[in-house]
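Student: Sequence first, predicted model second:
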Amino acid sequence: MTDTEPTPDRTLHVYVGEENRLREQTKEMLRAAEAGEEPEDVGPTHVLNFESEAELARLLSPANLALLRAIRQHEPESMRDAAEIVDRDFKEVHRNLTELSELGVIELVDDGRSKRPVAQYDDIEVHYSLVSDDVSTEQAGA
């Protein structure tokens, strides 16, 4: 890579309850492209939208964040290796890694008889509106 080539964006942008806004933004981008226009604000490339705060909390649980950091920093050779790095039970780590893979946050690459977890992103940015009514909140004790 030369100095003039842009660094690929490896930031995951996570939204909560923003499905309608993101859908409208995508429609506007498509309309501009069809008209041969340059879109005004393309927005982030890598986006994950959750419908509820509970879903966001699952992604950002301490166990998942520890796994994501371990995968990014240590590049484990297998799911079992990842479990050893974070010093947790293999079955729990397997469940967490499968969930993170389903979300597209990591990739599980077949490597012989095992699967190697690979980080897809360097950073996670959470965009959370305090004024939006679209978020499904779950109140404790209510």
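Tutor: That came through, no problem.
Student: tell me the contacts of residue 60?
Tutor: 124, 126 (Cβ atoms under 8 Å, 6 or more residues apart in numbering). Glycine gets a C-beta too; all of them are placed from N, C-alpha and C.
Student: could you measure it against residue 68, distance?
Tutor: Plainly put, residue 60 is 10 Å away from residue 68 if you go by Cβ to Cβ, to the nearest Å.
Student: Which residues are in contact with each of the two?
Tutor: residue 124.
Student: which residue ranges form the strands in this protein?
Tutor: For the chain, applying DSSP state E gives strands covering 11-16, 47-50, 106-111, 114-119, 123-127.
Student: Which among the ones you listed is found nearest to residue 28?
Tutor: strand 47-50 (14.7 Å; Cβ to Cβ).
Student: The closest one pairs with which strands, parallel or anti?
Tutor: Next to strand 47-50 in the sheet, as set by DSSP bridges, lie strand 11-16 (parallel).
Student: Just the buried positions in the strand it pairs with, please.
Tutor: Buried residues in strand 11-16, counting neighbours by 16 or more other Cβ atoms under 10 Å, are found at 12, 13, 14, 15, 16.
Student: which regions of this structure sit below the pLDDT cut-off?
Tutor: 1-8, 18-27, 29, 32, 39-45, 132-142 (pLDDT under 70).
Student: at 50 instead, please
Tutor: 1-2, 6, 136-142 (pLDDT under 50).
Student: re earlier: with distance to residue 73 as added columns, please give the buried residues of strand 11-16 in JSON lines.
Tutor: Formatted as JSON lines, the buried residues of strand 11-16 follow (distance: Cβ to Cβ, whole Å):
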{"residue": "12", "distance to residue 73": "17"}
{"residue": "13", "distance to residue 73": "22"}
{"residue": "14", "distance to residue 73": "20"}
{"residue": "15", "distance to residue 73": "26"}
{"residue": "16", "distance to residue 73": "27"}
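Student: Let me know the closest of these to residue 84.
Tutor: residue 12 (25.5 Å).
Student: surely that closest one meets residue 125?
Tutor: Yes - the criterion here is Cβ atoms under 8 Å, and residue 12 meets it with residue 125 at 7.2 Å.
Student: follow-up on the earlier one: take the strands of the chain and write them to a markdown table, including distance to residue 64.
Tutor: Below are the strands of the chain laid out as a markdown table (distance: least, Cβ to Cβ, whole Å):
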| stretch | distance to residue 64 |
| --- | --- |
| strand 11-16 | 12 |
| strand 47-50 | 13 |
| strand 106-111 | 10 |
| strand 114-119 | 12 |
| strand 123-127 | 10 |
